[in-house]
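S.K.: 3D model of this:
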Amino acid sequence: MLLALRDLPQPRVLRILALSLALTLLIFAASGTGLFFAARWGLAHWQWLGEAGTDMAGLLIILLLIAGSWLLFRAVAIVVVGLFADGIVADVEGRHYPAAAAQAVDVGWRQNIALALASLARLIGGNLLALPLYILLLVTGVGTVLLALAVNALLLGRDLEAMVLARHPAQPRFDRAARWSLGLLSAASFMVPVANLFAPILSAAMAVHMLHLRNGDRLT
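M.R.: Numbering: from 1, shown residues only. From the prediction side, this is the model:
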């Protein structure tokens, strides 16, 4: 993680970070605006509430959209970053592990999209399966958060592993402990405000370092 933090100020990484954040925020802004006006139109069209009630409902919708944005940020951000994954991985490898980078396989945009969609599918499926337990654990106060952290650590570890192994398909998979620690650090960073903005890029860089340090590649 410390090595990955050192990669954040690099120009190419910053460009990808800015582009991915802009695209993520654009997706949220467009979808949120569309949902807000669709809900307002529905309430006004079917006249379920009076004018004052519609205004209050609009305020409630805005609050729900803000809460939903925080909850869904990880899903959208990891998919968006997945579209630029090869650029991040190639940049970190080229600077720190040039010998390994020279042997890497180029990952095209089709494979990047496939990896991003597979990540999204795992995220939705895994959290839907855990949803009944999330609800049951609400009474504990912290149980839902801890379970969500564990579930998403498993999912993120798998996603990040797939991201870096796409360039090195001959390499073996990470062992369970390595995949778990990588996913746990990534999932935890997504839960911290402000830090979650950098979490996707930081997580990708961590996965690169984990792959090559595990293989004994020389760090430059």
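S.K.: pull the helix or strand with minimum mean pLDDT from this structure.
M.R.: helix 51-83 (a mean of 64; mean pLDDT, DSSP states H and E).
S.K.: I'd like the distance from the helix or strand following that one to the chain centre, please.
M.R.: Downstream of helix 51-83, the first helix or strand assigned by DSSP states H and E is helix 85-96. Chain-centre distance of helix 85-96: 18 Å, with CA atoms, centre = their mean, to the nearest Å.
S.K.: Could you report the neighbour count for residue 3?
M.R.: Counted with other CB atoms under 10 Å, residues neighbouring residue 3 total 15. C-beta: built from backbone N, CA, C; applies to glycine.
S.K.: Same question for residue 98.
M.R.: For residue 98, using other CB under 10 Å, the count is 12.
S.K.: same check, this time on the one 4 residues further on
M.R.: The criterion is other CB under 10 Å. On that basis, residue 102 has 9 neighbouring residues.
S.K.: what's the answer for residue 127, then?
M.R.: 17.
S.K.: cool, and residue 107?
M.R.: Count around residue 107 with other CB under 10 Å applied: 19.
S.K.: try residue 186
M.R.: 26.
S.K.: Give me the longest helix you can find in the chain.
M.R.: helix 11-46 (DSSP state H).
S.K.: And that helix, what does it pack against?
M.R.: helix 51-83, helix 85-96, helix 195-214 (3 or more CB pairs under 8 Å, 6 or more residues apart in numbering; DSSP states H and E).
S.K.: for residue 162, what are its contacts?
M.R.: 115, 118, 119 (CB atoms under 8 Å, 6 or more residues apart in numbering).
S.K.: Correction: the previous question concerned residue 8.
M.R.: Applying CB under 8 Å, 6+ apart, the residues near residue 8 are 14, 17, 198, 201, 202, 205.
S.K.: Could you do residue 14 as well?
M.R.: residue 8.
S.K.: Per-residue pLDDT of it, please?
M.R.: At residue 14, the model reports a pLDDT of 85.
S.K.: before we move on, what about residue 168?
M.R.: Residue 168 is given a pLDDT of 90.
S.K.: And the residue nearest the centre of the chain, how far from residue 20?
M.R.: Residue closest to the average C-alpha location in the chain (CA atoms, centre = their mean): residue 78, at 2.6 Å. Per CB to CB, to the nearest Å, residue 78 is found 10 Å from residue 20.
S.K.: that older thread, any chance of the contacts of residue 8 in TSV, with distance to residue 41 too?
M.R.: Below are those laid out as TSV (distance: CB to CB, whole Å):
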residue	distance to residue 41
14	40
17	36
198	37
201	38
202	40
205	44
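S.K.: Report the lowest-confidence entry in these.
M.R.: Lowest confidence among those: residue 17, with 81.
S.K.: Leaving out the residues flanking it, which one is nearest to that one?
M.R.: residue 201 (5.0 Å; CB to CB, 6 or more residues apart in numbering).
S.K.: got it, and residue 191?
M.R.: Nearest non-adjacent residue to residue 191 (CB to CB, 6+ apart): residue 149, at 7.0 Å.
S.K.: Report the contact partners of that neighbour.
M.R.: 184, 187, 188, 191.
S.K.: Tell me the secondary structure at it.
M.R.: helix (DSSP: H, G, I helix; E, B strand; the rest coil).
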